[in-house]
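A.B. asks: return a 3D structure for these sequence lines:
(2 chains)
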Number of protein chains: 2
Amino acid sequence: MPERDLIRAFQGIVGARGGRLLRGSGDDAAVTRAEGVVVTSIDSVVDGVHFERSTHSPGDIGHKALARGLSDLAAMGAEPGEAYAALAAPADLGESDALEMVRAMEELAVATGTAIAGGDVTAGPVLSIAVSVNGWAGSEHELAYRDGARPGDLLGVTGELGGAAAGLLLLRGLETALAAAERDALILRHLRPEPRLAAGRALALAGASAMIDLSDGLAADAQHIAEASGVAVEVRLEALPVAAGVEAVAEAAGRDPFELAAAGGDDYELLLTVAPERREAIEAAARSAGAWVRWLGRVGPGAGVVLVGPGGAPVALAGFEHL
Amino acid sequence: MPERDLIRAFQGIVGARGGRLLRGSGDDAAVTRAEGVVVTSIDSVVDGVHFERSTHSPGDIGHKALARGLSDLAAMGAEPGEAYAALAAPADLGESDALEMVRAMEELAVATGTAIAGGDVTAGPVLSIAVSVNGWAGSEHELAYRDGARPGDLLGVTGELGGAAAGLLLLRGLETALAAAERDALILRHLRPEPRLAAGRALALAGASAMIDLSDGLAADAQHIAEASGVAVEVRLEALPVAAGVEAVAEAAGRDPFELAAAGGDDYELLLTVAPERREAIEAAARSAGAWVRWLGRVGPGAGVVLVGPGGAPVALAGFEHL
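C.D. replies: So this is what the prediction gives:
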């Protein structure tokens, strides 16, 4: 299918929404009504690096490409706005696969109130999708950056951890005695990450002092907050909300479950810091967004991340390969 | 060089400018003060499709990646704002090449008043760069779309045509008797296209009824205006401002010079339509931006593009392969 026809087919799938978009796909650029601040991120997924066509369906790939960008908006506390996708399609990507990919992006766009407002299709030797997103907030004060953590702050995380890393091991053929439903849930956790947009917005407005999404893994992402804020971050491994089934997967793989939860990536939960007096406001904000926060540790003076084991002593975790 | 270090090196190259950027690279997303309308486009360049590493230096590649996006803003009449680049770098892309690429992007950003405000670096099997740009205008009324051409409008184009296509033939080894300076100028036209931002803004404000940038070639891009506006567009080939040296290159290649000028792509000039009573305002606007407009033909009722040959009869041109 020629690129131009593919673009037309894509235009037939995506819908305008959100009320800001004045002109979508089909001109040299899209036009959006602007006010307050615009929050922008670009990210790409590449075959063999962020997904594998042998284990990821076209829909999984499209979903993940958009989810990563939206997760960045969640980590800022921005409202999702518009997304723009640049697709490089190899010759062996069939038309139906390309359409399935865009349909999955549109499903996630509908679910999150995002408008896919433009894009670009080109030939390429391997499948890759770059997605840029524009999110919105009334002012910078409504957002949470990485550099606002202060000694004395609490460290918290939304949701459950380790599920995506466990799902990846299962996708790659690890045998376990897990029930099918639990197994499927872990795999879905890897294939269809859900950006925590409502939680991110609520937590930023409730006064999170720093926030980041967990794409590289909790230990690495805590390190980003520690560096940007010039503080030390202490994480009690025992407090990690390890997702159901992760322990069984870790055992079957001969790994430590904390490795999957703290060093595995792609959970796309939110890691945040907050002044202790705002703890209850943060918990209430999370609940209002249908989420919850678990408290993992504290921010202190110094630098770096210290992982504290069940016995109270610092531990080192092996790195964890992730897509 | 690990991706994280490469990103840091890039952050050391790019500078903030324009006064809108509140938070640039280094957080989950960039934050920009927003008002009026934001004009957004995404585009990518892929090795072997839009450039070849054998003929394009890393600087050429970086320049082109950003120039394409900025040219979309020019075609809308938007002021350039912020750019975001997602780089997929193969293992054989050296650190110095990567830095040269980003330095060239930054040079173009400086020249156009654009801030490179964020990006993403990942591994990939071949070099590709996706760039999204946010441009700005006070309101939608300051912009020019593709769908505003009306029967009776004049068709005009900025600058000179065919230079990029001729430059590509030269890059690929075509022998000619051209003087070195003329040869180099044509090659540069291909390697370092200059987005017509000042002209685009001036022409849109002066009342261009439709505008598009010439990336696919004049005939194809005129067709985009014809389709979007529901009109027919007539182009007198004799009126085309063919760049110096293009005729000699066409002769050496056994091609028609009009083929290079009307079917060759990548000139990144602006094609526009305007109501006849605004002709002088448009000419003055172009001059004020250091550019000029040549009048090529007329818009009429109907559909499609008619190329009129020197004898006054419609002609068909062969397609022209372009990067």
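
A.B. asks: quick one: contacts for A:A204?
C.D. replies: Contact partners of A:A204, counting by CB atoms under 8 Å, 6 or more residues apart in numbering or on different chains, are A:76-77, A:142-144, A:211. For glycine as for every other residue, the C-beta is placed from the backbone atoms N, C-alpha and C.

A.B. asks: revised request: answer the last question for A:A220.
C.D. replies: A:263, A:265.

A.B. asks: host element of it?
C.D. replies: If you go by DSSP states H and E, A:A220 is part of helix A:218-229.

A.B. asks: local confidence estimate at the closest residue to A:E160 other than its chain neighbours?
C.D. replies: Excluding the flanking residues, the one nearest A:E160 by CB to CB, 6 or more residues apart in numbering or on different chains is A:A243, at 3.8 Å. Reading off the confidence values, A:A243 has pLDDT 96.

A.B. asks: try the one 3 residues further on
C.D. replies: Per-residue confidence (pLDDT) for A:V246: 97.

A.B. asks: could you do the one 10 residues further on as well?
C.D. replies: What the model reports as pLDDT for A:D256 is 92.

A.B. asks: these two touch, right, the residue nearest to A:E160 and A:G167?
C.D. replies: No. Using CB atoms under 8 Å, A:A243 is not in contact with A:G167; the gap is 9.3 Å.

A.B. asks: which residues are in contact with both of those two?
C.D. replies: Here A:A243 and A:G167 share the contacting residues A:186, A:189, scored by CB under 8 Å, 6+ apart.

A.B. asks: against A:S132, how distant is A:E106?
C.D. replies: 17 Å (CB to CB, to the nearest Å).

A.B. asks: can you check A:A285 too?
C.D. replies: Taking CB to CB, one finds A:A285 at 28 Å from A:S132.

A.B. asks: more neighbours, these two?
C.D. replies: Using other CB atoms under 10 Å in any protein chain shown as the criterion, A:A285 and A:S132 rank with A:S132 on top: 31 against 23.

A.B. asks: please report how far the more buried one lies from A:E82.
C.D. replies: 9 Å.

A.B. asks: and stretch A:134-154, what's buried?
C.D. replies: A:134-137, A:140, A:142-150, A:153-154 (16 or more other CB atoms under 10 Å in any protein chain shown).

A.B. asks: next SSE downstream of the longest strand along chain A?
C.D. replies: For chain A, the longest strand by residue count, based on DSSP state E, is strand A:30-46. Counting by DSSP H and E, the next helix or strand C-terminal to strand A:30-46 is helix A:58-76.

A.B. asks: would that next one count as contacting chain B?
C.D. replies: Yes. Applying CB under 8 Å from any CB of the partner chain, one finds that helix A:58-76 is in contact with chain B at A:72-73, A:75-76.

A.B. asks: distance to A:A232 and neighbour count for those residues - can I get that in JSON lines?
C.D. replies: Formatted as JSON lines, the residues of helix A:58-76 next to chain B follow (distance: CB to CB, whole Å; neighbours: other CB atoms under 10 Å in any protein chain shown):
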{"residue": "A:D72", "distance to A:A232": "25", "neighbour count": "30"}
{"residue": "A:L73", "distance to A:A232": "28", "neighbour count": "31"}
{"residue": "A:A75", "distance to A:A232": "21", "neighbour count": "36"}
{"residue": "A:M76", "distance to A:A232": "24", "neighbour count": "32"}
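
A.B. asks: quick one: secondary structure of A:I212?
C.D. replies: strand (DSSP: H, G, I helix; E, B strand; the rest coil).

A.B. asks: count the residues that sit near it.
C.D. replies: Quick note: A:I212 (other CB under 10 Å) scores 28 neighbours.

A.B. asks: touching, it and A:Q223? I think so.
C.D. replies: No. Using CB under 8 Å, A:I212 is not in contact with A:Q223; the gap is 9.8 Å.

A.B. asks: okay, A:A243 and A:G167: which has more neighbours?
C.D. replies: A direct count of neighbours by other CB under 10 Å for A:A243 and A:G167 places A:G167 higher, at 29 against 26.
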